[in-house]
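A.B. asks: After the sequence you'll find the predicted model.
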Amino acid sequence: MTRAYIVVFIMVSVISCGSICCAADKVDYPAKIAAAKTTIEELAAKVGNYPQALTEIDKARSSLKKAEQGYDKGRQWMGLGGLKPEAEQEVVHNLQMVDMTLVLATSRAAAGRSEEDVAAVDKQLALVKSRVKVLEERKQSEDKLRLDLQKCEAASKELTTVKAEQAKLATQLEQVAAEKKKLETQIAVLTDEKAALTAQVETLKKIPAAVPVPATAPQAAPPAAAK
Amino acid sequence: MKRLLVGTCCLLVFATGSGFADELKDASDKLQPLTERMTKISTGKAADFAKGQLATAQETLGAAKAALAAKNGPLALQKTELMDLQLTIAEAKTAEMEAAEQLVLRRAELKKLETQFDQLLQAGGK
């Protein structure tokens, strides 16, 4: 009886050692599943509120659930003999899917963030564009005003010159008018003298020829004296 | 009793076999569109932006074909599923890079406009 117990004890020990050795060689899937779970939750916490990324996180959770279920279904001999090969393949695949889906979620979140930033920059662009437009319009009108001012200054200078010229001409005109008046007065005087002399000549022509000739010499003298 | 046992075994073998054949057919059906999708993606911007992802997808395609050749339906299906995801990642990476590129362009444009604005302000102040 005692020998039978010893045999049973040895057999159990051998089986346990074997299973422990096998287990040491196998991959620790529960730890991997737990690590994947932690990674998913960490990423979910920092991925932000991007719907596409959150959808991928949900898909990763679903793949993780499949991995867990595959692990639970595939365990042999109450966990002592590790996983069945097909179950292991499924667990490995689902864990890989979790990793890949997390990469996808990260990418979607980054794209979402970039799109948000683009939208914000676009708003700022529109604002700065409108301000630049206003300033450009102001600059154009300022340039136009400056040009007008230059034209006005040139016209003003010209006007001053013309006024000076006009004043000069007015003075000359006054001088000429005065000269003209003087000459007209002289003409009038001379005309009167001429009329008087003409009258004297007529009078002298009417005197008879008996009048001595020497009297003609003093007659020529008065016109010269009148001049 | 013996006949019943043999019949059940045959049924089980047949059912398993037909299940495997279904998975093989599914995987085979999915492979063609996936290959076409990969070719299409490779001709676009993804060739620059998601080179690594495309190379990985190419490897997975090889693995899926090998699994099909080995008549391993479940593995072939898993590989096609994985390849689908890898191609989606390649597309997403491309979209991400394009969005980042757009952002860089817009920021450069904004900077240029801000410089112009500052210059106009300074010119107006003089």
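C.D. replies: Arrived safely.
A.B. asks: switch to C-alpha atoms for all contacts and neighbour counts from now on
C.D. replies: Will do.
A.B. asks: Show me which residues of stretch A:105-116 are buried.
C.D. replies: A:105-115 (16 or more other CA atoms under 10 Å in any protein chain shown).
A.B. asks: Select, from those, the two members most distant in space.
C.D. replies: A:Ala105 and A:Glu115 (15.1 Å; CA to CA).
A.B. asks: Is chain B within reach of the top helix by length along chain A?
C.D. replies: As assigned by DSSP state H, the longest helix anywhere in chain A is helix A:85-206. Yes - against chain B, helix A:85-206 shows contacts by CA under 8 Å from any CA of the partner chain at A:89, A:93, A:97, A:100-101, A:103-104, A:107-108, A:110-112, A:114-115, A:117-118, A:121-122, A:124-125, A:128-129, A:131-132, A:135-136, A:139.
A.B. asks: Please pick the buried ones from those.
C.D. replies: Applying 16+ other CA under 10 Å to the residues of helix A:85-206 next to chain B flags A:89, A:93, A:97, A:100-101, A:103-104, A:107-108, A:110-112, A:114-115, A:117-118, A:121-122, A:125, A:128-129, A:132, A:135-136, A:139 as buried.
A.B. asks: which other helices and strands contact the helix or strand containing B:Thr56?
C.D. replies: Take DSSP states H and E as the rule and B:Thr56 turns out to sit in helix B:51-69. Packed against helix B:51-69 by the contact rule (3 or more CA pairs under 8 Å, 6 or more residues apart in numbering or on different chains; DSSP states H and E) you find helix B:2-43, helix B:73-125.
A.B. asks: One more pass at 10 Å, please.
C.D. replies: Contact here means 3 or more CA pairs under 10 Å, 6 or more residues apart in numbering or on different chains; DSSP states H and E; on that basis helix B:51-69 packs against helix B:2-43, helix B:46-49, helix B:73-125.
A.B. asks: A:Gln89 - nearest residue in space that isn't next to it in sequence?
C.D. replies: Setting aside the residues directly before and after it, A:Gln89 is nearest to B:Leu75 in space (CA to CA, 6 or more residues apart in numbering or on different chains), at 7.9 Å.
A.B. asks: and what of B:Ser42?
C.D. replies: That would be B:Leu54: by CA to CA, 6+ apart, it lies 7.3 Å from B:Ser42.
A.B. asks: Tell me which of the helices and strands packed on helix B:51-69 lies nearest to A:Ala199.
C.D. replies: helix B:73-125 (90.0 Å).
A.B. asks: so how far is that closest one from its chain's centroid?
C.D. replies: How far helix B:73-125 lies from its chain's middle: 19 Å, per CA atoms, centre = their mean, to the nearest Å.
A.B. asks: Check residue 115 and give its pLDDT.
C.D. replies: Chain wasn't specified; assuming chain A. Reported pLDDT at A:Glu115 in the predicted model: 94.
A.B. asks: nope, chain B
C.D. replies: B:Thr115 carries a pLDDT value of 95.
A.B. asks: residue contacts, it?
C.D. replies: By CA atoms under 10 Å, 6 or more residues apart in numbering or on different chains, the residues touching B:Thr115 are B:109, B:121.
A.B. asks: quick one: it and A:Ala35, what's the gap?
C.D. replies: To A:Ala35, B:Thr115 is 50 Å away according to CA to CA, to the nearest Å.
A.B. asks: now A:Leu183
C.D. replies: Distance from A:Leu183 to A:Ala35, by CA to CA: 129 Å.
A.B. asks: Burial check on B:Ala69, number of neighbours?
C.D. replies: B:Ala69: 12 surrounding residues under other CA atoms under 10 Å in any protein chain shown.
A.B. asks: mind listing what A:Leu95 touches?
C.D. replies: A:29, A:32-33, A:36, A:60, A:63-68, A:89, A:101.
A.B. asks: ok, 8 Å please
C.D. replies: A:33, A:36, A:63-64, A:67 (CA atoms under 8 Å, 6 or more residues apart in numbering or on different chains).
A.B. asks: Of the residues you listed, which is the most crowded?
C.D. replies: A:Ala67 (27 neighbours).
A.B. asks: Hmm, A:Gln89 and that one touching each other?
C.D. replies: No - using CA atoms under 8 Å as the test, A:Ala67 is too far from A:Gln89 to be in contact (9.9 Å).
A.B. asks: Leaving out chain neighbours, which residue sits closest to B:Asn72?
C.D. replies: Nearest non-adjacent residue to B:Asn72 (CA to CA, 6+ apart): B:Leu24, at 7.1 Å.
A.B. asks: got the residues of chain B near chain A?
C.D. replies: Counting by CA under 8 Å from any CA, chain B comes close to chain A at B:75, B:78, B:82, B:85-86, B:88-89, B:92-93, B:95-97, B:99-100, B:102-103, B:106-107, B:109-110, B:113-114, B:116-117, B:120-121, B:124.
A.B. asks: picking that back up, ok, of the buried residues of stretch A:105-116, which one's closest to chain B?
C.D. replies: For the buried residues of stretch A:105-116, the minimum distance to chain B (CA to the nearest CA) is 4.2 Å, reached by A:Ala111.
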